[in-house]
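In: Would you be able to build a 3D model of this:
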Amino acid sequence: MLFTSQPGVSKAILELEDELGVDIFRRHGKRIRNLTEPGKRILTSIERILIEVETLKRVGKDFAAQDQGSFVIATTHTQARYALPKVLTEFTKLFPKVRVSIQQGSPQQIAEMLIHDRADIAIATEGISGVDGLLALPGYQWQHVIAVQPDHPLLSKKNISLEDLAEYPIITYDAAFAGRSKIDKAFNSKNLKPDVVLEAIDADVIKTYVETGMGVGIVAGVAYDADRDRNLRVIPAGHLFGNNVTKLAVKQNAYLRSFVYTFIELFSPTLTRKLVDQAMSGENVDYQI
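Out: Sure thing, here's the model as predicted:
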């Protein structure tokens, strides 16, 4: 919202063009068609200026109120359900005046939330590394497990192979979630085509359908709780699908409020404020998780 009239905007643009000595827009009569080449460069500079203005506002708010404000975490269901409860319990004890909001979505959706300043942090295993404008830091490692009913034949095998697993209907994650790409890659490497009868974004859904006998589940190890999942048994599957790394992403060059640094370190103790600042400044950092 610019809080000004259209003639006022037009006048300001003309004054800026006069000041800079170039045309920002290509025009046909009074109608604007598109940006000129200098206009595109100017737009890029303006966008950077607006980011810096927003940073200045955040700096002011941070110094005015070190222990309060809003904190938006964009993440997937698995992280929100299993990885964050202990972290947020501790965080809210330290910062009771901070209003925390968890926004769930696919890895692509949460990356978009962060890019467009609708979130302060994004957490996911896939989809947030290598995104322009984002800095993805390693949070923690985990492996998949195979979830089965208590009397399933796979429990009697000492060393389960991909060939053993491919003999049964499989229930696992949607293609964009929780290391599914590694699952597919492992089967493809053996020229196996597993019968995936159900895909879901939610580990609880996967486990529910395993309990009904629909198939064998492949879920993140963190999603299994022996007390809650008493009708299931799990078999480690790291030797089949390898290690996965859940990443925590922030917007490149963003100003992080002090309590955001605290949250990051609670989530992954190796990600200290000093290390995060070094990574934000473009330094090569050796991460240990």
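In: so where do the helices sit in the protein?
Out: 6-20, 37-64, 77-78, 84-94, 107-115, 162-165, 180-189, 203-211, 238-241, 258-267, 273-280 (DSSP state H).
In: which stretch among those helices comes nearest L135?
Out: Closest to L135 of those is helix 273-280 (C-beta to C-beta; 5.9 Å). Where C-beta positions appear, they are placed from N, C-alpha and C, glycine not excepted.
In: what comes into contact with that closest one?
Out: Helix 273-280 is contacted from outside by 135, 137, 250, 252-254, 256, 261, 264-265, 285, 287, using C-beta atoms under 8 Å, 6 or more residues apart in numbering.
In: So which bits of it are buried?
Out: Within helix 273-280, the residues that count as buried by 16 or more other C-beta atoms under 10 Å are 275-276, 279-280.
In: ditto for stretch 255-262
Out: Residues of stretch 255-262 classed as buried: 255-257, 259-262 (neighbour count, 16+ other C-beta under 10 Å).
In: Closest to V131 out of those residues?
Out: Distances from V131 to these, taken by C-beta to C-beta, are shortest for L256, at 17.6 Å.
In: Contacts only, for the closest residue to the closest one other than its chain neighbours.
Out: Nearest non-adjacent residue to L256, counting by C-beta to C-beta, 6 or more residues apart in numbering: V250, 6.4 Å away. Contact analysis of V250 by C-beta under 8 Å, 6+ apart lists 114, 120-122, 134-135, 137, 256, 260, 276, 280.
In: Swap in 10 Å and give it another go.
Out: Residues counted as contacts of V250 (C-beta atoms under 10 Å, 6 or more residues apart in numbering) are 114, 119-122, 134-137, 256, 260, 264, 276, 279-280.
In: Out of these, the closest to P96 would be?
Out: Taking C-beta to C-beta as the measure, P96 lies nearest V260 of the contacts of V250, at 16.0 Å.
In: That closest one touches I121, doesn't it?
Out: Yes: if you go by C-beta atoms under 10 Å, V260 and I121 touch, sitting 6.8 Å apart.
In: between the two, what contacts are shared?
Out: 71, 73, 250, 254.
In: quick one on the thing from earlier: return the subset of the contacts of helix 273-280 lying in strands.
Out: 135, 137, 250 (DSSP state E).
In: related to what we said a few turns ago, quick check: the farthest pair among the shared contacts of V260 and I121?
Out: So, those by C-beta to C-beta: farthest apart are I73 and A254, at 14.3 Å.
In: okay, who's weakest in the shared contacts of V260 and I121 by pLDDT?
Out: Within these, A254 has the lowest pLDDT, namely 80.
In: how about that one, what does it touch?
Out: Listed by C-beta under 10 Å, 6+ apart, the contact set of A254 reads 51, 54-55, 58, 114, 117, 120-121, 133-135, 260, 280.
In: Buried residues, stretch 35-43. List them.
Out: By neighbour count on 16+ other C-beta under 10 Å, the buried set for stretch 35-43 is 36, 39, 42.
In: Let me fix that, I meant to ask about stretch 232-250.
Out: 232-235, 237, 240-241, 244-250.
In: since we're on the residue lying closest to G69 once chain neighbours are set aside, how many residues are nearby?
Out: Of all residues not flanking G69 in the chain, V98 sits nearest, at 6.0 Å (C-beta to C-beta, 6+ apart). Residues near V98, counting by other C-beta atoms under 10 Å, number 19.
In: now swap in V87 and tell me
Out: V87: 18 surrounding residues under other C-beta under 10 Å.
In: shouldn't it be in contact with I102?
Out: No: using C-beta under 10 Å, V87 makes no contact with I102, being 11.4 Å away.
In: wait, which of the helices of the chain is closest to G221?
Out: Smallest distance to G221 across the helices of the chain (C-beta to C-beta): 8.1 Å, for helix 238-241.
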